[in-house]
Every structure is written in structure tokens, then in C-alpha cells.
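>>> quick one, what's the 3D model for this:
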Amino acid sequence: MNQSLTLNIIDLIEDSLPNLVALDDLAEQCGYSRSYIQHQFKAETGFSISYYQRARNLSLAALRLAEGQQRVLDVAIEFGFESQEAFARAFRQFGATQPSRLLGQGTWAQRLHLERLDAEMLAQLKHCQTLPIRVSEQQASRWGCYVFTVDTCKRDVSVVIQSITDAFKRLQREACGKTLNYAQAQLFEFREHNQNATSTYPMSIAFPFTSDETIPDALLEVQLSACQLAEISLPSPNYIPIIFHHFYQRIFDEQQSYFGGLPAFWRFDETTGQLHHRCQIEPCHLVEADPMWGLFDENHFIELKGTYTAQSRYAIPHSKRAGTRRLSTLIGVLKDKIHDSLVCDIAFQMPVENTDQQYHYTIGNFCSQQESSEIGKSSYLIEGYYLITQWQGDNVYQLENELERFYIRLSQYSKYQYRAAPELFKQLTINQDSISFELLTPVEKRSASRQKSVWTVDL
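Model (predicted):
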């Protein structure tokens, strides 16, 4: 393969941005045919030339939006779009959100950013395309997780390694840390609401437990359902920043499967220096036929306006802040406060940049606009589009897994997407043998259809 040709194409593209170069012009300047340069570029990078140009241009546009100094229309014109509507359509296909959401959001822009490819990155990308993907069946499993937070929006390897090292040191100082089998430990990565807008993401040191073993209180219990896993072995941790797009695209193309959500598994082999990454996958036909899509009936999306009045405030403990996987911890805390049964409304706070607000919650009461009175010091407005779903079960861990599947379906849904706002567990009812609640999840419309892809299911 011709790396020098690929680097020459990249130079020509970068020198012209924000103007896009026609493929025929690139071919002429490189001295090769159009089909030849397209084939070579795809083989070296995994990207088409057209995709790379669009993604780089929109990456730079996202950074400009994040500066917060210009209108969306001005940015659209600067980056070569004839109208704000055309810019919005292209931006939604690139970043799965509206350009207005990026205004003043530097972290979000960095998360979306596609770096200019250089020789080192090309070598890594080319090698990643040759790495085998192994698919295996994972049986239902039970884990004790010591959760910690990594803060690096670009997955800087040195920051990730230091965060993991510090977490191991803290765990070893815990009373339970002296009894755990570290040879069995794996790293889990969890998901957060509004993940793109924050520089942090939750991870954990995870230990397998049998069904009759007691998990120490300092660890978060996670019970995972049986699933399919796709695994790739990276030559070193230095491949972390560039692996994700290509890995998930290969799963989609080669295995006809979607990314199946988090947690994902990481394991470092100290003997070989390899980093083994496993993630859940789901065959496309099973995802598209999932009964869970029934929760996304148009009648379940409503425009809500009301008042939530907080009576008491709490927070998920730091060692159990595993993103959206919070139901079992919440129920455990509430069960300790009741004798027979409890009925209440719970509001989790809005996830915003560089804060722990999403792990803070209040017990209180929600009143619709018709019922609400004037807003007091302990009250705030709940408004905008919400997806309303009903949940009930007798096993909190099964319910938690169902909620995780619901959240991944929402991220895949082509008509609506998650919106950063308070999320409500309304009429949460807990007794000795069952749990039920109405979940009010904030959403917003995707105002343009998107092509079927690794990320989105177009039903």
C-alpha cells in the first residue's frame, strides 16, 4: 500500500479546508486515477476520502461553535454550507446532534473531533484493520465493581493509566481490598447520560463472584445477562484513541451486528503488552425485531411542563457512580430507609459538563402544570419533551439490565435522542417483593432522518 500517496491526499485536503476538494481534482494533482486514490485511501485509513473531508471540516466547525462567539448561520457559511439547514443536516449525520447544542461546549467539540491523520496514526489504523475480531458467547455473570472516574475527553493514554493505577492503590487500602483475587480482575467501562458533553467516564476494577458468594459493601454489584461479545487484541494501550470507530464499523460490516452497549471489558496482559478489549454486540436482525421498540410508540413522547418540589437530597456514593447503572444502588439506599413499603418521586439532576450532578437525586413530588402552584426555593421547572415508560419487576438487577437496554435503544433511535435535563422516577413503589415506577426520560427530536449505520436503527 502507498502511505506517501495517502499523506499527500491528506495534505491537499487539509490545505483546502474549509473548502472541499473534488475527487477528480485530487486524482489529477496526485497523478493517479480517481478509483485508484479512493481504493488506496480506504485501504490505508478505513475511511473514504469523502468521509474524511466531511468529518475534518465538521470537526473544525464544531470547534468554532464551541468558542461560542458566532451564530450557527455564520459558522455554516464559514465552513462552506449554503444554508443553516444544509449545515444542520450534515452535522447531525456527523455528530448525531444539532449544531446549536455545541455552542460554548468545548468538551463536546473535542469528543467529536477527528484529528488530522499523520504517519503514526496511519500505521496504527492500517494495523487495526488486520487484527482479527473474535466473537464468543458470554454466560450470565455476577461482578463486584470498585468504580472510579477517568477524566480525559480524548482518552489520553497516560491519564487513563494513571487513573487506573490510583484506583488500584485506593482499593488495596480498603478492608476488602486485602482479600480480593487481583489475578481475576478486569476493567469495566460504563456509560453516562450525555456522554459526549463531559470529559469524564466511569470505569471499575471488576471481580467475578459466584451466586453464593458475598460481595463486599464497598463494591457495586453488577449482574450481567448472557450476551455475545466481540474481542480485539490491541498491540498496546497506545491504540486506544483510534480504535473505536473502526472496531465498531467492522463489527457492523463483518458481523452484521450493532454495538450492544456497556459495560465494555478491558484487560492488560503484562507479559505481551497487549490490551484486550471486549464489547457486547447484537445481531442486526435481533435488534430491529426487539420488542423493546414498543416503548418508543409516538404516544409515549409528550411535551411536559410541571414543577418538581424536593423534600430531601442525596447522592450516589462515589465508589458506586457507574453512569446510568444506578437503579440497584438507589433501591438499596431506599430499602434501608423503609420497613414495609415506600411510594415516592425521585429526580436525578441534569448531567452537565465537569460535575457530578447526574449522581445527585432528590426525593420529592412532581406536579403537572395544571396541578402546580408557584415555585418555591426547593422547587424547579420540569419542561420539554419526555419519553414516558412503565417498569415493574421483582429483581432489581434484571430491571437494571432492562433499563440499560432501553438506554442503548434510545441512543440508536432515529427519531428522538437523549436531552440533558432532569430524569424522573415517578411513583417509585418499593415493597418486599416488587419494584415499579414510571420513568420520565428527557428527549429531543432528531429533525432529520439519518442513514442506517453502526449507531442508528431506522425502523
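
>>> ok, which stretches of the stretch 251-400 of the chain are helices?
All helices of the stretch 251-400 of the chain, identified by DSSP state H, counting those that start in this stretch, fall at 284-288, 327-335, 396-412.

>>> okay, buried residues for the shortest one please.
Of the residues in helix 284-288, those with enough neighbours to count as buried (16 or more other CB atoms under 10 Å) are Cys284, Val287. The way it works is simple: take the backbone N, C-alpha and C, and place the C-beta from them, glycine included.

>>> am I right that Ala167 is in a strand?
No: per DSSP: H, G, I helix; E, B strand; the rest coil, Ala167 lies outside any strand segment and is helix.

>>> with adjacent residues omitted, what lies nearest to it?
Distances taken as CB to CB, 6 or more residues apart in numbering put Phe148 closest to Ala167, at 4.0 Å, once the chain neighbours are dropped.

>>> which neighbours does the host helix or strand of the one you found have in its sheet, and in what orientation?
In this structure, Phe148 sits in strand 141-151 according to DSSP states H and E. Partners of strand 141-151 in the sheet, by DSSP bridges, are strand 200-208 (antiparallel), strand 220-224 (antiparallel).

>>> ok, which of these comes nearest Asp356?
For Asp356, the closest of the strands paired with strand 141-151 is strand 200-208, at 8.8 Å, according to CB to CB.

>>> burial of Ile13, as a residue count?
Burial of Ile13 is recorded as 21 neighbouring residues (other CB atoms under 10 Å).

>>> any idea how far it is from Lys320?
46 Å (CB to CB, to the nearest Å).

>>> got the contact list for the nearest residue to Ile430 once chain neighbours are set aside?
For Ile430, ignoring the flanking residues on the chain, the nearest one in space by CB to CB, 6+ apart is Leu342 at 4.8 Å. Under the criterion of CB atoms under 8 Å, 6 or more residues apart in numbering, the neighbours of Leu342 are Leu334, Leu428, Thr429, Ile430, Asn431.

>>> if we go to 10 Å?
Ile331, Leu334, Lys335, Ile363, Leu428, Thr429, Ile430, Asn431 (CB atoms under 10 Å, 6 or more residues apart in numbering).

>>> need the worst-confidence member of these.
Within the set of the contacts of Leu342, pLDDT is lowest for Lys335 (80).

>>> burial measure for that residue, as a count.
Burial measure for Lys335: 15 neighbouring residues, criterion other CB under 10 Å.

>>> just to check, it is in contact with Leu428?
No: when contacts are counted by CB atoms under 10 Å, Lys335 is not listed as touching Leu428 (11.6 Å).

>>> could you name every residue contacting both of those two?
Taking CB under 10 Å, 6+ apart as the criterion, Lys335 and Leu428 both touch Leu342, Ile435.

>>> so which of the strands paired with strand 141-151 is nearest Tyr359?
Closest to Tyr359 of the strands paired with strand 141-151 is strand 200-208 (CB to CB; 9.6 Å).

>>> could you give me the average pLDDT of that closest one?
94.

>>> low pLDDT regions in the stretch 251-400 of the chain?
Residue ranges of the stretch 251-400 of the chain with pLDDT under 70: 338-340, 352-355, 369-377.

>>> quick one, strands of it?
Taking DSSP state E, counting those that start in this stretch as the test, the strands found in the stretch 251-400 of the chain are 257-259, 264-268, 275-283, 301-315, 342-348, 360-368, 379-393.

>>> can I get those strands in a markdown table with distance to Ala289?
Converted to a markdown table, those look like this (distance: least, CB to CB, whole Å):
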| stretch | distance to Ala289 |
| --- | --- |
| strand 257-259 | 12 |
| strand 264-268 | 24 |
| strand 275-283 | 10 |
| strand 301-315 | 22 |
| strand 342-348 | 31 |
| strand 360-368 | 34 |
| strand 379-393 | 19 |
